[in-house]
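1. Sequence and predicted structure are below.
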Amino acid sequence: MRTLDAVTAELDPPFAVVGLDALDRNADDLVRRAAGVPIRIATKSVRCRELLRRVLDRPGFAGLMCYSLAEALWLHRCGTSDDLLVAYPTADRAALRALAADPAAAAAITLVVDSAEHLDVIDAALGAAHPEIRLCLEVDASWRPLPGVHVGTRRSPVHTAAQARRAAEELVRRRGFRLVGLMAYEGQIAGLGDAPTGAPVRGAVLRWIQRRSATELADRRAEVVRAVGALAPLEFVNGGGTGSLERTRADGAITEVAAGSGLIGPTLFDRYRAFHPEPALLYALPVVHRPTRRVVTAFSGGYIASGPAGADKVPAPHLPAGLRLLGTEGAGEVQTPVTGPAARRLRLGDRVWFRPAKAGELAERFTHYHLIGADGPVEATPTYRGEGRCFG
């Protein structure tokens, strides 16, 4: 606490810091867990070009998984990467026109689709005659143990190998497109912590579901790869996420895995048994009220994460140790009260340090991250927001 406060003493909170040593150790651990399978960085979990560059320069990482075509175009123009997968289908006509107008970008960027209808959207934006667009077919990775039961994210309608083959047949028939990849994100495995705090029974159920789901998916994904690979030479088969690297990289059909949040270490990843990323990203808020001896109130700080509303989406006080949010107020838009033994020692103007619940969304709140290494001065680098970029 004293060291962190000391090295940032000249900064006025609120501000956010990234511990580069922790980031590097997290990157090393992701590479260890991937065991030789290349890791494509999920940009939505980072949203800072300097950090993306730093990680891409490390062995074991290759390419970016973007969340927006406009983002991918910008990162390519900036020279951040020449291997970019846009992991969510796009209906951005201006971005599609920009892609078609730039041969280098069209050769570097791959668009995810799950049906010929997505090609209709692209053709409507560009006209029937356009430069070749690289495509990745997304396959639904959810677990469906019983009719009507869907365990996982709601993404692609393509679930079976037969459906994947039919979709691929439509894609390869269309002029102006080339199918080069497959993707399947197993959110029910990668995105759900298998050791939820204070809920051992729920944790045991989650682990059972994840084991069964992983076994089913490995068999089904192999069938999908065989079916689609018979129609088009596949450059890559992408899967996984920070929470499932070990399981996913062991799948023989996979050629690369995706990860991003594991670099940052948000609180959502405190709920996993197999790995424990260090908190690399923190933000400081100033104490501006002392309503009682046991409570101090910090300015701002209500950076609630996306997803189903709940306690696991709320930022957590980190330093001084032992602080907690008030159940009646939580983390607010303009004030965040905290209580605990350490609150008695805090004075007006002191800092309270927080961890975000998710990794990338904090970059939408701060224009800069202040990078802290073991030696040397604190350096500020812009987030996407600080570079005037917001991709939805």
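-> Received the coordinates, thanks.
2. what's the burial count for S115?
-> 18 (other Cβ atoms under 10 Å). Heads up, the C-betas are built off the backbone N, CA and C, glycines and all.
3. for the closest residue to it other than its chain neighbours, what are its contacts?
-> Among residues not flanking S115 along the chain, A167 sits closest, at 6.1 Å (Cβ to Cβ, 6 or more residues apart in numbering). Taking Cβ atoms under 8 Å, 6 or more residues apart in numbering, we find A167 in contact with D114, S115, A116, L137, V158.
4. Let's see which of the residues you listed end up in helices.
-> A116 (DSSP state H).
5. How about D12: what's its closest non-neighbour residue?
-> Using Cβ to Cβ, 6+ apart, the nearest residue to D12 is P286, at 7.7 Å.
6. Checking the one you found next. Helix, strand or coil?
-> Here P286 is recorded as strand under DSSP: H, G, I helix; E, B strand; the rest coil.
7. One more: A16?
-> Criterion first, three-state DSSP; result for A16: strand.
8. looking at it, it is touching F366, isn't it?
-> Yes. The pair A16 and F366 passes the contact test of Cβ atoms under 8 Å, sitting 4.5 Å apart.
9. Report the set of residues contacting both of these two.
-> Y283.
10. so who does the residue nearest to D12 touch?
-> Taking Cβ under 8 Å, 6+ apart, one finds D12, P13, P14, A298, F299, G349, D350, R351, V352 in contact with P286.
11. beta partners of it?
-> Note on P286: beta-bridge partners R351, judged by DSSP bridges.
12. Number the residues from 697 up from this point.
-> Right, with 697 as the first residue, what we last looked at is P982.
13. how close does it get to I1000?
-> 20 Å (Cβ to Cβ, to the nearest Å).
14. repeat for A1059
-> 15 Å.
15. Compare these two (neighbour count), which wins?
-> Set A1059 next to I1000 and count neighbours by other Cβ under 10 Å: A1059 wins out with 25 against 18.
16. I figured the more buried one hits E1083, correct?
-> No. Using Cβ under 8 Å, A1059 and E1083 do not qualify as a contacting pair, with a distance of 10.4 Å.
17. first vs last residue of stretch 1080-1088, how far apart are they?
-> End-to-end distance of stretch 1080-1088 (Cα to Cα, to the nearest Å): 11 Å.
18. So what touches that stretch?
-> 743-745, 763-764, 766-767, 770, 1059-1064.
19. and those as TSV, adding pLDDT?
-> Listed next are the contacts of stretch 1080-1088 as TSV, based on pLDDT from 0 to 100:
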residue	pLDDT
R743	98
C744	98
R745	98
Y763	95
S764	97
A766	98
E767	98
W770	98
A1059	97
E1060	96
R1061	95
F1062	97
T1063	97
H1064	97
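20. Show me what the least confident helix or strand in the chain by mean pLDDT packs onto, helices and strands only.
-> Here the helix or strand of the chain ranked lowest by mean pLDDT, DSSP states H and E is helix 883-886, holding a mean of 74. The contact analysis (3 or more Cβ pairs under 8 Å, 6 or more residues apart in numbering; DSSP states H and E) places helix 883-886 against helix 896-925, helix 941-945.
21. Contacts for that helix, please.
-> 837-839, 847-849, 905-906, 909-910, 913, 936-940, 943-944.
22. Check stretch 776-787 too.
-> 736, 738, 745, 748-749, 752, 758-765, 767-768, 771-772, 792, 800, 804-810, 814, 817, 832, 834, 877, 879, 881, 934, 954.
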